[in-house]
Structure formats: C-alpha cells, structure tokens
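Engineer: need coordinates for the following:
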Amino acid sequence: CAGGLSEGGEAKAKKSRCSRSSRAGLLFPVSRVDRQLRRGRFAERLGARAPVYLAAVLQWVTHKTMDAAGKISKKSKQQRISPSHLQAAARKSSLLKQLLRGGVPRRGRRAVPRSRRVASPPKKETTRSKKR
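Structural biologist: Numbers count the residues shown, from 1 in each chain. This is a model prediction of the structure:
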C-alpha cells in the first residue's frame, strides 16, 4: 500500500487502495468488524479505531487458541486439530478459560473479593450547627 507517483512521472498521484486491515497489520477484516458493530447498534457513535482494536483482539484470541490446540494435537500424534483439541486448549489455558467464562483477565493485579452488604440501621441525620 505504498503511495506515490504513478508510472510516467505524471503530475497527479494516483491513490492506491489499501485496506484498513493491511494498514493495521492484521489478518482479520477490520471493515467487516466495523460493519457488524454498526449493524449491532451497540452504541450511537463508534470511533474509527474501535473496529481495528476489536479485530486485533479477535486475532490474538484466535492465535492463542489455535496455537494451544496445535500443540495438543501434536502431542496426541494427530495431523488435524479437532474440536476436542480446541476444547482442551480452552480448558488448559488460564487466560482463555477466564476470557471464555465471561471474566476479564487481569495481569499483575490481586483479585479483591467484594464485601457483601449487610442490613445495617440507618445513619442518624446530624443537624448543622448555626454559624456564629
């Protein structure tokens, strides 16, 4: 997707067409993700970088899953990745397990348990003292 002068040294430069995926260096289709996000009506407005980021995340998750499933299939001396290999890869990887379960994986942070609210008596309202 290199821009520049066309052959013959013409004064006008031809615009070369370049996909958003190739500009971002991704294999996943950014335009398709953008279209699906707009059709889904998830928000009124959508930034230009949102589909690029989502396509990158989808590509990363797919890469991790397929890499782990490939290693599992190699261990079992098989040439093809089967659904059971994908399932085992998701069960084995802590990041994928947490992501597919619905949680957000956090690296380097300590999980703090939420404290449950216990019914307590209402707080007394204090009257404001008059200024002197």
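
Engineer: in stretch 17-25, what's buried?
Structural biologist: Buried residues in stretch 17-25, counted by 16 or more other C-beta atoms under 10 Å: Arg20, Ser21, Ala24. Where C-beta positions appear, they are placed from N, C-alpha and C, glycine not excepted.

Engineer: cool, and stretch 28-43?
Structural biologist: For stretch 28-43, the buried set under the neighbour-count rule, 16+ other C-beta under 10 Å, comprises Phe28, Pro29, Val30, Val33, Asp34.

Engineer: pLDDT (mean, whole number) over it?
Structural biologist: For stretch 28-43, mean pLDDT is 96.

Engineer: and stretch 48-56, by the same measure?
Structural biologist: Stretch 48-56 comes out with an average pLDDT of 96.

Engineer: nearest to Trp60, of the buried residues of stretch 28-43?
Structural biologist: Among these, Phe28 lies closest to Trp60 (C-beta to C-beta), at 9.5 Å.

Engineer: tell me the secondary structure for the closest one?
Structural biologist: Following DSSP: H, G, I helix; E, B strand; the rest coil, we place Phe28 in the coil state.
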